[in-house]
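Enquirer: What would the 3D arrangement of this be:
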Amino acid sequence: ALYICSVILARTIGKPDDADPNYGFLKEHFGSVFRSMLSLFELMASPDLPKYQEQNNLLWEHPGLLCFLCGFVIFGSFGLIALLTGVISESMFEKNELRREEARADKELMRERLVAKCGKLFDRLRVDEGGEATVQ
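Expert: Residues are numbered from 1 along each chain as shown. Prediction:
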């Protein structure tokens, strides 16, 4: 999505008229796809629209840019939040699975020790000629 938005901005806003009072700013931030991607990433990571407002009423002279940037920040923020939530959830699921595996391994080890102790205990029992143990 970042790439597509960068291409759109580089093709539209990044090619301003020479008479545009914001020519330098627009060329610097949206003159190429790479610069557009960097500007959009900075905007998504730290929404700072006043920087755009200080440029000779840039946002009021280009209302389409204002709508685009606001929409990008809103949906980009939701996307980042969803991404972070997914990463944290996946990390928690992995840790939970590791804990279950450790608990299963501990139970298996305890079972093996119990079987060994019971085997030793039964081997020490006195049995009669019929193979039966007495209660004493």
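Enquirer: Name the helix or strand of the chain that has the lowest mean pLDDT.
Expert: helix 50-53 (a mean of 76; mean pLDDT, DSSP states H and E).
Enquirer: so how far is that helix from its chain's centroid?
Expert: Relative to the mean C-alpha coordinate of its chain, helix 50-53 is positioned 29 Å out (CA atoms, centre = their mean, to the nearest Å).
Enquirer: what sits against Met44?
Expert: Residues in contact with Met44 (CB atoms under 8 Å, 6 or more residues apart in numbering) are Leu2, Phe72, Val73, Gly76, Ser77, Leu80. Where C-beta positions appear, they are placed from N, C-alpha and C, glycine not excepted.
Enquirer: And the helices in the chain, which stretches?
Expert: Here the chain has its helices, by DSSP state H, at 2-12, 23-30, 33-45, 50-53, 58-61, 63-123.
Enquirer: tell me what the second one is packed against?
Expert: What it means is helix 23-30. For helix 23-30, the elements it packs on are helix 33-45, judged by 3 or more CB pairs under 8 Å, 6 or more residues apart in numbering; DSSP states H and E.
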